[in-house]
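can you look at this prediction? I've put the sequence above it.
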Amino acid sequence: MERSQINSPILAIMELANLVSVPMSLNAVIKLKVLDTIWQDGFNNPLSAAEILSAVAVGPHADAENLQRILRLLTSYGVFNEHIAGDGSGRRYSLTEVGKALATDENGLSYAPYVLQHHQDAIMLAWPLVHEAVLDPSSEPFVKVHGELAYSYYGKYPEMNLLMHGELPYSYYGKYPEMNLLMQKAMSGVSVPFMKAFLDGYDGFQGVETLVDVGGNSGECLRMIMSKYQSIKKGVKFDLPEVVEKAPKIPGIEHVGGDVLKSVPPGDAIFMKWILVACTDDECKQIFKNCFDALPPGGKLIVCDPLLPDRADDNRSSRAILEADIYIMTMYRTKGKHRTETECRELGLAAGFHNLKPKFNVDHYFTVLEFQK
Ligand SMILES: C[S@@+](CC[C@H](N)C(=O)[O-])C[C@H]1O[C@@H](n2cnc3c(N)ncnc32)[C@H](O)[C@@H]1O
């Protein structure tokens, strides 16, 4: 039988039992700057593990054989292409499209900070307590370990600018939780490519003059919307005060700190991306109500979230969202959750909104739903 056709339960269990090797190896190649070393000025030159190590200058004890073991695993998961010399003497690695998305682009962005952010020490410590979310949902596994919710924990730790810019030794990674700053890099790295695709296909911001981005984080999404829609005279980025404090100042954008559970600044449209998943149903009801109150009659709420499939299947989109759902349950809110389209729409309708348009799918991860007051 072809290897690709083997599908025994034992193999499936062996794969599942060791699956943690995959994200940890991904972390390793990011920390070791492997992706940026292979992807030089837009060239994707295959390199051997030894060539990669000598280019990143990690010191005399670095082990090329161990790096190659990591590269081989990630080749199997589609991050690298493996090139084997005709005589079988050596292996070299180039980036696949997945690998390229993890290499830093000309704007200093990539998906790599998102990967790092999901594997910081503080996050990793909570993972063994997933079962506690079932046994005792009254507090998050993250809270059981750290004594406070993730967002308030993020806000407490010092900025580690040096770490973010790669100017500290590799051994420093994860020791100092530079959480808010890494969160902002992670959000921009994921959201900027998404927003490019979204703005290419979606025209729902036409005629808007004041746009509020609820949970706007670094302000990058709002900046991109406003640079496409000149009709937007005022952009308000609304986020937690400690996030607003650290966010870069962007001309034309007012940064407002606050709590979406208390109130939302007024505008004639509200954009809310990747917020509801970390909220309980009761919190979502409050957020929809606060958005409703902040809008004039006819005002529009544009919700952009990953939506759960109605059926759990093994396609990549379903898996990516189902996996993120357990991340939310463990790290952010035990009863925060991803929702199906129907569940999300019901929350909006209950707050008094009516549905505006059919859903708009951008990239098989995020879906856009429009609600009108
Ligand atoms: C997953 S991030 C999404 C960021 C951004 N909308 C994007 O898609 O790139 C969630 C954002 O919600 C913010 N947030 C969390 N709780 C909040 C609250 N109670 N009030 C306002 N913002 C909040 C976080 O600080 C964070 O910036």
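Received, thanks.

make it CA atoms for all contacts and neighbour counts henceforth
OK.

for residue 301, which three-state class applies?
Following DSSP: H, G, I helix; E, B strand; the rest coil, we place residue 301 in the strand state.

is it true that it touches residue 267?
No. Using C-alpha atoms under 8 Å, residue 301 is not in contact with residue 267, being 10.0 Å away.

out of the two, which sits in the busier spot?
More neighbours surround residue 301 than the other of residue 301 and residue 267, with 27 against 21 (other C-alpha atoms under 10 Å).

neighbours of whichever residue of the stretch 1-150 of the chain sits closest to the ligand, how many?
Relative to the ligand, the nearest point of the stretch 1-150 of the chain is residue 150 (9.5 Å; C-alpha to the nearest ligand atom). Using other C-alpha under 10 Å, residue 150 has 18 other residues around it.

contacts only, for the nearest residue to it once chain neighbours are set aside.
Leaving aside its sequence neighbours, residue 150 sits nearest to residue 332 (C-alpha to C-alpha, 6 or more residues apart in numbering; 5.9 Å). By C-alpha atoms under 8 Å, 6 or more residues apart in numbering, the contact list for residue 332 reads 140, 142, 149, 150, 151, 278.

one more time with 7 Å
140, 149, 150, 278 (C-alpha atoms under 7 Å, 6 or more residues apart in numbering).

from those, which land in helices?
residue 150 (DSSP state H).

export the contacts of residue 332 as JSON lines, with columns for pLDDT and distance to residue 52.
JSON lines is the format used below for the contacts of residue 332 (pLDDT from 0 to 100; distance: C-alpha to C-alpha, whole Å):
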{"residue": "140", "pLDDT": "95", "distance to residue 52": "40"}
{"residue": "149", "pLDDT": "88", "distance to residue 52": "39"}
{"residue": "150", "pLDDT": "84", "distance to residue 52": "36"}
{"residue": "278", "pLDDT": "91", "distance to residue 52": "39"}
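
check what pLDDT residue 177 gets.
Looking at residue 177, its pLDDT is 42.

how about the one 3 residues further on?
The predicted local distance difference test score for residue 180 is 62.

the longest helix along the chain close to the ligand?
Longest helix in the chain, counting residues (DSSP H): helix 179-201. Yes. Counting by C-alpha under 6 Å from any ligand atom, the ligand has neighbours in helix 179-201: 187, 188, 191.

okay, now the second one: neighbour count?
It stands for residue 188. Using other C-alpha under 10 Å, residue 188 has 23 neighbouring residues.

not counting its neighbours along the chain, what's nearest it?
residue 220 (6.5 Å).

pLDDT wise, what is the nearest residue to residue 190 once chain neighbours are set aside at?
Of all residues not flanking residue 190 in the chain, residue 111 sits nearest, at 5.7 Å (C-alpha to C-alpha, 6+ apart). Here, the pLDDT recorded for residue 111 equals 92.

my guess is residue 111 contacts residue 189, does it?
Yes. Counting by C-alpha atoms under 7 Å, residue 111 touches residue 189, with 5.0 Å between them.

of the contacts of residue 332 - the most surrounded one?
For the contacts of residue 332, neighbours tallied by other C-alpha under 10 Å; top is residue 140, 28 neighbours.

so what's that one up against?
133, 330, 331, 332, 333, 334.

okay, the closest residue to it other than its chain neighbours and residue 142: tell me how far apart.
Residue nearest to residue 140 in three dimensions, not counting chain neighbours: residue 334, with 5.1 Å by C-alpha to C-alpha, 6+ apart. Note on residue 334: its distance to residue 142, by C-alpha to C-alpha, to the nearest Å, is 9 Å.

about what we covered before: show me the contacts for the residue nearest to residue 190.
Residue 111 makes contact with 101, 102, 186, 189, 190, according to C-alpha under 7 Å, 6+ apart.

wait, which of these is closest to residue 305?
Taking C-alpha to C-alpha as the measure, residue 305 sits nearest to residue 190 out of these, at 13.0 Å.

next, residue 114: phi, psi?
Main-chain torsions, residue 114, degrees, to the nearest 10: phi -60, psi -40.

give me the buried positions along whichever strand or helix holds residue 132.
Residue 132 belongs to helix 130-135 when assigned by DSSP states H and E. Using 16 or more other C-alpha atoms under 10 Å as the test for burial, helix 130-135 gives 130, 132, 133.

in helices, which of the contacts of residue 140 fall?
Reading helices off these with DSSP H, I get residue 133.

a markdown table for the contacts of residue 140, including pLDDT and distance to the ligand?
Formatted as a markdown table, the contacts of residue 140 follow (pLDDT from 0 to 100; distance: C-alpha to the nearest ligand atom, whole Å):
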| residue | pLDDT | distance to the ligand |
| --- | --- | --- |
| 133 | 97 | 20 |
| 330 | 97 | 14 |
| 331 | 94 | 12 |
| 332 | 93 | 10 |
| 333 | 93 | 11 |
| 334 | 96 | 14 |
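
give the full set of residues in contact with residue 329.
Residue 329 touches 335, 336, 337, counting by C-alpha under 7 Å, 6+ apart.
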